[in-house]
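> I'd like to go over a predicted model; first the sequence, then the structure.
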Amino acid sequence: MALVAGVDTSTQSCKIVIRDAETGELIRSGSAKHPDGTEVDPQHWWVAFLEAAAAAGGLNDVAAISVGGQQHGMVVLDKAGNVIRPALLWNDTRSAGSALDLIDALGREKLNGSTDDDEAIHAAGAQAFADIVGSVPVASLTVTKLKWLNDNEPDNAAQVAAVALPHDWLSWRIAGYGPAGDPSAPNGPDLTKLFTDKSDASGTGYYDAEAHDGAGAYRDDLLRMAMGRGIASEIDGVDGIILPRVLAPTEAGAVANPEIAGKDVPGGCLIGPGAGDNAGAAIGLGMEPGDIAISIGTSGVVSAVAPKRTADGSGAINGFADATGNALMLAVTLNAAQVLDAARNVTGSDFQQLSDRALAAPPGSDGLVLVPYLQGERTPNRPDASGTLHGIRLKNMTPEHISRAYIEGMLAGLADGLDALRAQNVPIERVMLIGGAAQSPAVQEVATQVFGLPISIPEPGEYVADGAARQAAWVLASTHAGGPVAQPGWSTQMSKTLAANPQPIVREQYAAVRDLV
């Protein structure tokens with residue numbers, strides 16, 4: 001029996017699942033926490049990975065491993081492989097102004113001085129970015145963080161020899177690369193050995209996944225716009241920046257350091273290309289064109305698999321690649337499960353009490369509406385916004401109404417994302433609700449009312465880590481076959497499917513106040 005491992009290096013923790021490569025049966029697992037914050041020293045990810053691997057019983061018997069990870073973060077390395085400064089994570093909003101600067105710079109370039117109208121320039125730049133990379137820059141995307149670094153920390157920016165994403169960096173470390181002189185990095189700081197996949201690369205803001213008839217390519221011009229320097233292929237004294245090699249879905253990027261994984265496996269442990277977290281979850285769920293996943297975790301994500309990406313100049317939809325060769329469209333909110341945490345704090349409830357109280361109030365919460373921008377927002381792009389509770393009256397100032405209003409507001413924001421997908425003609429055939437908050441009975445019931453669609457609830461699982469494990473099995477099988485083969489036929493079971501129960505009052509009330517910020 002061949003074993004494969006899938007890693008989820010998320011904002012909050014590192015989780016590892018070890019599965020049978022053929023059947024997908026879970027053999028064992030482990031996890032470890034990451035520190036809080038919107039900037040983190042990547043060394044914490046490495047330590048958590050080692051702790052999670054130990055908790056999972058070690059990786060010596062694993063034949064292939066893949067890493068799924070939080071998207072967009074900025075890991076900058078110097079020529080000696082050292083991390084120059086703590087990584088800026090996707091949810092760090094300090095580069096919001098840099099995003100606007102990049103959009104306007106590209107807009108002026110596209111219009112070539114034909115107008116001084118600021119709105120026209122911005123609109124042209126936004127659409128140009130959407131056409132090139134599938135997304136309009138917001139503070140989450142790596143390209144904006146590089147622009148911020150170049151403008152605000154020029155000494156650090158000048159040291160940058162390579163830029164990686166969180167999953168790229170962790171895969172590189174598993175392969176035995178790292179800072180010069182680090183005993184856990186016997187292969188040294190070879191930055192040209194960094195690798196990634198199309199799903200994560202497509203979320204940087206400087207990678208066109210559909211260039212060259214779908215082969216994909218980095219955009220040197222967009223990197224230069226952010227950093228003032230272009231792409232280098234090697235550390236050769238030229239003032240350029242190395243970017244990770246983008247692998248095909250079934251291509252192995254390296255063999256793991258045997259002290260980390262695969263010591264007992266002939267030929268060692270292959271390292272798959274990995275994936276961004278949403279693309280990893282899509283593999284784990286077996287998503288195909290027409291499938292929609294609504295994930296309620298640290299962020300809220302409405303994701304759709306389709307044959308081709310969108311080019312939404314409004315910025316509501318990000319057109320990324322998935323990890324199989326399709327496109328993956330996303331509408332992302334910063335405020336998701338944390339809204340429920342806030343509701344529990346406000347009402348003094350635990351998880352079950354919050355659900356019970358919410359279900360005791362009527363749809364629409366008797367006019368109480370939360371606009372849940374508790375830490376700014378990404379979609380819509382309002383990084384400086386704050387949350388607002390509207391329609392407060394004596395009748396609805398109860399724990400029950402407040403509990404329901406928080407859940408309705410969170411889901412109404414995600415429903416706007418679903419509408420944005422419809423506006424881009426993305427097919428919607430099946431909707432799955434995932435993430436920790438999806439297990440709440442109140443969230444499930446209110447979702448059928450807010451979305452107005454049948455809702456499928458998959459069996460609880462570590463979807464990103466499971467998707468990474470499935471990719472590792474795919475890479476292993478393809479390597480043994482001498483070429484690409486079909487994905488392993490692992491199945492995802494649905495625990496239930498709930499009938500649609502549309503309650504238009506929730507969306508109507510939310511639409512009336514969502515822009516009063």
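Cool, got the structure. Residues are numbered from 1 along each chain as shown.

> buried residues in the longest helix seen in the chain?
In the chain, with assignment by DSSP state H, the single longest helix is helix 399-423. For helix 399-423, the neighbour count (16 or more other CB atoms under 10 Å) marks 399-418, 420-421 as buried. Every C-beta, even on glycine, is put in place using the N, C-alpha and C of the backbone.

> what secondary structure does Lys312 sit in?
Lys isn't right for residue 312; it's Asp. Assigned with DSSP: H, G, I helix; E, B strand; the rest coil, Asp312 falls in the coil class.

> So it is in contact with Gln424, correct?
Yes: contact criterion CB atoms under 8 Å: Asp312 and Gln424 qualify, at 5.7 Å.

> And the two? Which one has more around it.
A direct count of neighbours by other CB atoms under 10 Å for Asp312 and Gln424 places Asp312 higher, at 22 against 18.

> Got phi/psi on that one?
Main-chain torsions, Asp312, degrees, to the nearest 10: phi -90, psi 100.

> any chance you could map the strands in the stretch 51-200 of the chain?
For the stretch 51-200 of the chain, the strands defined by DSSP state E, counting those that start in this stretch cover 62-69, 75-77, 87-88, 162-164, 195-197.

> so can I have TSV of those showing mean pLDDT?
Below are these laid out as TSV (pLDDT from 0 to 100):
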stretch	mean pLDDT
strand 62-69	97
strand 75-77	98
strand 87-88	98
strand 162-164	98
strand 195-197	98
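
> of all those, which lies closest to Gln43?
Nearest to Gln43 among these is strand 87-88 (10.0 Å), distances taken as CB to CB.

> In terms of secondary structure, what does the closest one contact?
With contacts taken as 3 or more CB pairs under 8 Å, 6 or more residues apart in numbering; DSSP states H and E, strand 87-88 sits against strand 39-40, helix 142-152.

> What separation is there between the nearest residue to Asn381 once chain neighbours are set aside and Leu243?
In this structure, Asn381 finds its nearest non-sequential neighbour in Val138, 5.0 Å apart by CB to CB, 6 or more residues apart in numbering. According to CB to CB, to the nearest Å, Val138 and Leu243 sit 21 Å apart.

> circling back: dump the helices and strands packed on strand 87-88 into TSV; add mean neighbour count, distance to Val76 and mean pLDDT as well.
Shown next, in TSV, are these (neighbours: other CB atoms under 10 Å; distance: least, CB to CB, whole Å; pLDDT from 0 to 100):
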stretch	mean neighbour count	distance to Val76	mean pLDDT
strand 39-40	18	12	96
helix 142-152	24	7	98
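
> Can you convert the ones you listed into CSV and add a column each for distance to Val47?
Below are those laid out as CSV (distance: least, CB to CB, whole Å):
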stretch, distance to Val47
strand 39-40, 11
helix 142-152, 23
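
> which regions of this protein lie under the pLDDT threshold?
For the chain, the stretches flagged by pLDDT under 70 are 235-238.

> show me the contacts for the residue most central in space within it.
Closest residue to the average C-alpha location of the chain: Gln71 at 4.1 Å, with CA atoms, centre = their mean. Residues in contact with Gln71 (CB atoms under 8 Å, 6 or more residues apart in numbering) are 90, 140, 165, 200, 203, 276-278.

> Check Ser303 too.
With contact set as CB under 8 Å, 6+ apart, Ser303 has these partners: 278, 281-282, 287, 292-295, 328-330.

> Likewise for Gly319?
130, 134-135, 202, 309-312, 327, 329.

> if you set the cut-off to 7 Å instead, what comes out?
By CB atoms under 7 Å, 6 or more residues apart in numbering, the contact list for Gly319 reads 134-135, 309-312, 327, 329.

> Could you double-check that Ala361 lies in contact with Ile402?
No: using CB atoms under 7 Å, Ala361 is not in contact with Ile402; the gap is 8.5 Å.
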